[in-house]
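[1] curious how this folds, go ahead:
(chains A and B)
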Amino acid sequence: DTGVSQDPRHKITKRGQNVTFRCDPISEHNRLYWYRQTLGQGPEFLTYFQNEAQLEKSRLLSDRFSAERPKGSFSTLEIQRTEQGDSAMYLCASSLLWNTEAFFGQGTRLTVV
Amino acid sequence: DAKTTQPPSMDCAEGRAANLPCNHSTISGNEYVYWYRQIHSQGPQYIIHGLKNNETNEMASLIITEDRKSSTLILPHATLRDTAVYYCIVRRNNAGGTSYGKLTFGQGTILTVHP
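    Sure, this is the predicted structure:
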């Protein structure tokens, strides 16, 4: 296992389209996090899962955003009816339940045109 | 989680020590100090963390003041590959020892290492 994997690395979509991103965490990591990062800013927390349970969601996660982690393994983040303001880097991270170190993936860069 | 304050940018000569300061004057007793860095176009990378004692690993050293209101990340021999944004984060752990999970990133310090 080489780390947290995200797919795709880049996505260009037209405004109004739906997009879905995938994150494969490090195996045996119970916790999975999604963050969003816009240009020149630090990453902002979106949501996190402990196993398959979504335990916390940020107010940034509007109704157009939904995240799932079926069976507590990989996770998907879907954005419906994309807007230009959704253009950002979407980062996934994972950590062990008892280990406080979070490992980040390379991110998915979304451009909405 | 407590807020942190970092200088927006710093320069360092290659081979010299880079000392990155962070203020976290509102830190509480159960909050740890974490450092991550982000190299351009990559995800953040964990560097080190500590509660009250100084910590050292293969990447860096973390010096936390006795009152815990500030800390310094030290890269002992900076290289060009250490050019990155460095984030100081205060993160809460619950009484049971498991973490709350999320990291609250600020703007960080852009460290530029010059040849």
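
[2] contacts, neighbours, all on C-alpha from now
    Noted.

[3] partner residues bridging B:Leu62?
    Residues in a beta bridge with B:Leu62, per DSSP bridges, are B:Glu55, B:Leu73.

[4] for it, what are its contacts?
    Going by CA atoms under 8 Å, 6 or more residues apart in numbering or on different chains, B:Leu62 touches B:Ile48, B:His49, B:Gly50, B:Asn54, B:Glu55, B:Thr56, B:Ser71, B:Thr72, B:Leu73, B:Ile74.

[5] again with A:Thr108
    Listed by CA under 8 Å, 6+ apart, the contact set of A:Thr108 reads A:Gln6, A:Asp7, A:Pro8, A:Arg9, A:His10, A:Lys11, A:Phe21, A:Met89, A:Tyr90, A:Leu91.

[6] now do 10 Å
    Contacts were defined as CA atoms under 10 Å, 6 or more residues apart in numbering or on different chains; by that measure A:Thr108 touches A:5-11, A:21-23, A:36, A:88-92, B:43.

[7] next, the residue nearest to the spatial centre of chain A: secondary structure please.
    Residue closest to the average C-alpha location in chain A (CA atoms, centre = their mean): A:Trp34, at 3.5 Å. Here A:Trp34 takes the strand state, with states given by DSSP: H, G, I helix; E, B strand; the rest coil.

[8] so A:His29, which state does it fall into?
    Classification of A:His29 into helix, strand or coil gives coil, according to three-state DSSP.

[9] so is stretch A:35-45 next to chain B?
    Yes: with CA under 10 Å from any CA of the partner chain as the measure, stretch A:35-45 is seen reaching chain B through A:Tyr35, A:Gln37, A:Gly40, A:Gln41, A:Gly42, A:Pro43, A:Glu44, A:Phe45.

[10] just checking: what are the partner strands of the lowest-mean-pLDDT helix or strand in chain A?
    Evaluated with mean pLDDT, DSSP states H and E, the helix-and-strand set of chain A has its lowest mean pLDDT in strand A:53-57, which scores a mean of 89. Take DSSP bridges as the rule and strand A:53-57 pairs in its sheet with strand A:44-50 (antiparallel).
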